[in-house]
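Visitor: structure, please.
(one chain, ligands or ions: 1)
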Amino acid sequence: MLSFDFAYARGSFHLDARAELAGGVTGICGPSGSGKSTLLLLIAGLLKPQSGQLRMDDEVLVDRARRVFVPAWQRHFGLVFQDGQLFPHLSVRDNLLYGHARLPPERRLLTFDTVLQLLEIGHLLERRPALLSGGERQRVALGRALLYSPRLLLLDEPLSSLDERLKQQILPFLKRVKDETRIPMLYVTHARAEVEFLADRVLLMERGRLGDETARIPANA
Ligand SMILES: Nc1ncnc2c1ncn2[C@@H]1O[C@H](COP(=O)(O)OP(=O)(O)OP(=O)(O)O)[C@@H](O)[C@H]1O
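Guide: Numbers count the residues shown, from 1 in each chain. Next up is the predicted model:
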């Protein structure tokens, strides 16, 4: 269970968000500029809220009043952003193994072979990221995040730069990841179809505020 209640201000933008989320996939929708990416960065630990708290299960990750701030690399969350940042100087294999190889075996939720199979990226292992297509890069970025066996997967419009054919190729991968690994996910997207396909619940972000949890998928998401 992820729970947070925090505030963050940057210039004229103010975010004030609270939620308690069970497992599964939580979709986050809302207009451009409403603060969805900022919320994920706050949860990831790449931004620091000015006040408030963040907990994952029983662990307090942020509590500004008590000066607790667990850094991003200690939170053990996986991140996949729109353009799937990979290390350009490393092969696909070394990108995939980057976090995985450092994990004690008992913390690994998935094997290397399972992820290669699930994402159909086994034939790309010796290539550098520059020689991959957009869809291949996204799958490798997702594979790297999964092999890190995160406690939570943060996905920020992971398919938005891809064409329809690639979206239709990757969405079922994400569904399988959800069903087979049970890693909880926060999934930011503008695409109603992606939310309908993947999410167990949807939160609406508007002007820095997160609306109530709703089972109904918004028509204008
Ligand atoms: N690096 C930055 N410096 C200053 N302001 C920023 C920065 N990044 C985003 N903002 C501002 O913060 C607010 C929230 O942006 P954010 O990227 O979180 O929105 P979003 O809901 O993810 O938008 P989109 O759907 O367009 O990606 C916006 O007003 C944006 O202009």
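
Visitor: just give me how far the lowest-mean-pLDDT helix or strand in the chain sits from the chain centre.
Guide: Lowest mean confidence among the helices and strands of the chain (mean pLDDT, DSSP states H and E): helix 164-181, at a mean of 83. Remark: helix 164-181 is offset 14 Å from the chain centroid, using C-alpha atoms, centre = their mean, to the nearest Å.

Visitor: repeat that for stretch 178-190.
Guide: So, by C-alpha atoms, centre = their mean, the centroid of stretch 178-190 is 7 Å from its chain's centroid.

Visitor: quick one: end-to-end distance for it.
Guide: End-to-end distance of stretch 178-190 (C-alpha to C-alpha, to the nearest Å): 19 Å.

Visitor: element containing the residue nearest the centre of the chain, please.
Guide: Closest to where the C-alpha atoms of the chain average out (C-alpha atoms, centre = their mean) is Leu154, at 1.4 Å. Assigned by DSSP states H and E, Leu154 belongs to strand 152-156.

Visitor: now the angle between helix 164-181 and that strand, please.
Guide: Calculated by axes from the mean of the first three to the mean of the last three C-alpha atoms, to 10 degrees, strand 152-156 forms an angle of 170 degrees with helix 164-181.

Visitor: which strands or helices does strand 152-156 pack on?
Guide: On a contact count with 3 or more C-beta pairs under 8 Å, 6 or more residues apart in numbering; DSSP states H and E, strand 152-156 meets helix 36-44, strand 77-80, strand 185-188. For glycine as for every other residue, the C-beta is placed from the backbone atoms N, C-alpha and C.

Visitor: just want the angle from the longest one to strand 152-156.
Guide: Read that as helix 36-44. 160 degrees.

Visitor: follow-up on the earlier one: and the helices and strands packed on strand 152-156: which comes nearest the ligand?
Guide: Checking the helices and strands packed on strand 152-156 against the ligand by C-beta to the nearest ligand atom gives helix 36-44 as the closest, at 3.3 Å.
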